[in-house]
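Peer 1: Fold the stuff below for me.
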Amino acid sequence: MNSQPPDCPEAATAKADGNRPRYSSSQSSPAILRLWLGGNALGFAIATVILVRMTVSTGTTPLLMGGLSALYASGIVVSSCVGVLQALILRRQIPRLRVWQWILGSILGGYLGIFLGAMVNIVVVTLSTNATSDALLLPTTGILGAMLGVSVGLGQVLVLARQVRGLRRWWLANVVGRSLGWLSAVLVGLLFIHFDINLGDSSIALLICGGIGGLIYGGVTALALPNLTPHQRSNVDRAA
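Peer 2: Here you go, the predicted model:
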């Protein structure tokens, strides 16, 4: 009689899948998570410096102080700086991801989020007739960040929809991460201003503001990153 032990479930799965590697919720390795945190911190830091330098050179209100023209510029600047790094990192986990689609989805989502955030904040400011602009700064910043998370997350979900699962958590993480990221960046910027540091003249201060905001956003979305698992063909389909 054949005394060989039966195949274990992993071996049977590997045979059924044509010896292709399986992906699980633990696919995001510590190396990918570290790259994700560093990439988002670096991307947002660079984008913040570029945007503030642009607004200072044109004489408009800086991004961290709610300048509308800087917000519109941020749609393409942030999505380009951050989107490229995000896509290159995500391709380690999602090989079929196309960088240009990720960047385009992020840019379009960014502009939609700016529009939605501006509309919601106009209503908030209109209803808060007795509140000062300083008192409204943090609430409107949080709302704008959340609206950006809603729309940018939606754009990214549409890009990933046919490739991975776990998109609901990813979208929610984008909403929370963008809101907290913007709030943290503005709070750090206000702290620098409190100590008489001019953000328009200090690239280091700007790098710190953007880097902390990106690190907070990256940390929140990193919690959902392991849930982005590629779709697998069913064993039944392969057997057929």
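Peer 1: Okay, now the unreliable bits of the chain?
Peer 2: 1-27, 56-71, 233-240 (pLDDT under 70).
Peer 1: how about the helices in it?
Peer 2: Assigned by DSSP state H, the helices in the chain fall at 9-16, 30-58, 68-90, 99-127, 133-160, 167-194, 203-222, 235-239.
Peer 1: From Thr129, how far off is the residue nearest in space to the middle of the chain?
Peer 2: Centroid-nearest residue in the chain: Asn174, 5.7 Å away (criterion: Cα atoms, centre = their mean). Per Cβ to Cβ, to the nearest Å, Asn174 is found 32 Å from Thr129. C-beta coordinates here come from the backbone N, C-alpha and C atoms, glycine included.
Peer 1: ok, now Gly105?
Peer 2: Look at Gly105 and Thr129: by Cβ to Cβ, they are 38 Å apart.
Peer 1: neighbour-wise, which of these two wins?
Peer 2: Gly105 (23 against 6; other Cβ atoms under 10 Å).
Peer 1: now the residue lying closest to the residue nearest to the centre of the chain once chain neighbours are set aside: how far from Asp196?
Peer 2: Leaving aside its chain neighbours, Asn174 sits nearest to Gly153 (3.1 Å; criterion: Cβ to Cβ, 6 or more residues apart in numbering). For Gly153, the distance to Asp196 equals 37 Å [Cβ to Cβ].
Peer 1: Is it possible to get TSV of the helices of the chain that adds distance to Thr229?
Peer 2: Formatted as TSV, the helices of the chain follow (distance: least, Cβ to Cβ, whole Å):
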stretch	distance to Thr229
helix 9-16	15
helix 30-58	13
helix 68-90	12
helix 99-127	17
helix 133-160	11
helix 167-194	10
helix 203-222	15
helix 235-239	16
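Peer 1: Please identify the deepest-packed of the ones you listed.
Peer 2: Neighbour counts (mean count of other Cβ atoms under 10 Å) averaged over each of the helices of the chain peak at helix 203-222, with a mean of 23.
Peer 1: Remind me what it packs against, helices and strands.
Peer 2: Counting by 3 or more Cβ pairs under 8 Å, 6 or more residues apart in numbering; DSSP states H and E, the packing neighbours recorded for helix 203-222 are helix 30-58, helix 167-194.
Peer 1: could you dump those helices to JSON lines with distance to Ala87?
Peer 2: Output for those, formatted as JSON lines (distance: least, Cβ to Cβ, whole Å):
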{"stretch": "helix 30-58", "distance to Ala87": "10"}
{"stretch": "helix 167-194", "distance to Ala87": "14"}
